[in-house]
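the following block contains a protein sequence and its predicted model.
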2 protein chains.
Amino acid sequence: MLDQSAVDRVFHALGDPTRRAIVEQLCRGPKSARDLAAPLEITLAAVVQHLQRLEESGLIRTTKVGRVRTCEIEPAGLQVAQRWIAERRSLWERRLDRLGAVLKAPRK
Amino acid sequence: MLDQSAVDRVFHALGDPTRRAIVEQLCRGPKSARDLAAPLEITLAAVVQHLQRLEESGLIRTTKVGRVRTCEIEPAGLQVAQRWIAERRSLWERRLDRLGAVLKAPRK
């Protein structure tokens, strides 16, 4: 079973297009907050806020060495979202299978 | 390639816990707005608003017969989210594979 509050945090984090763009960037490799800010055309302060949300949700992790904070993807976070969706789809597919079985059953 | 605005709509819709609870309910079978409202302990008006958002995002479809609107899951919607995540994970895995290849290569 998935932890409900982890699911809430991950989907809330992924609900924002800028945060999804950051996840996308980090899937290509680790980056500093400054490197992430440039292509997104938003301020460093705004990026830092999004990074905090992403780190709290477990989608990324950050490490600070000297004055530079490096961000990287935390694959377990995306897996939470993937599992939630897969479980919902399997609920729906099992229901279709049951319906199919009922329709195929010989009428008495 | 996924349609970016479809991705935006689906993740925005799934970012809300009540809308995810509705998706969960509908994966178990079609329901009316009234039947969805009862276990969620929210007003019918609030459910109707969430249903509109979910329908716009392609996660559900609704049909009105007489005075009753019935909602059901639209599997293509969840598939958009699933594909977005799978593509991000594959970006990240390809990167790990390249890193692994570099580390395994004989030093010259």
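Yep, that arrived. Since the model is a prediction, treat every value here as computed from it, not as a measurement.

need the pLDDT of the nearest residue to residue A:55 once chain neighbours are set aside.
Spatial nearest neighbour of residue A:55, excluding adjacent residues (CB to CB, 6 or more residues apart in numbering or on different chains): residue A:62 at 5.8 Å. Where C-beta positions appear, they are placed from N, C-alpha and C, glycine not excepted. With respect to pLDDT, residue A:62 scores 94.

tell me which residue of chain A lies closest to chain B.
residue A:15 (2.3 Å; CB to the nearest CB).

need phi/psi at that residue.
Dihedral pair for residue A:15: phi -70, psi -10, per degrees, to the nearest 10.

right, and it touches residue B:12 too?
Yes. Assessed by CB atoms under 8 Å, residue A:15 is found in contact with residue B:12 at 5.4 Å.

so what sits against both of these two?
Residues touching both residue A:15 and residue B:12 by CB atoms under 8 Å, 6 or more residues apart in numbering or on different chains: none at all.

list the buried ones in the longest helix belonging to chain A?
In chain A, assigned by DSSP state H, the helix with the most residues is helix A:75-104. Applying a neighbour-count criterion of 16 or more other CB atoms under 10 Å in any protein chain shown, one finds A:75, A:77-82, A:84-85, A:88-89, A:91-92 buried in helix A:75-104.

over to stretch A:1-19?
Neighbour count says stretch A:1-19 has A:6-7, A:9-16, A:19 buried, by 16+ other CB under 10 Å.

pull the most distant pair out of those residues.
A:6 and A:16 (17.4 Å; CB to CB).

need the contact list for residue A:13.
Residue A:13 makes contacts with A:19, A:53-54, A:56-57, A:59, A:77, as judged by CB under 8 Å, 6+ apart.
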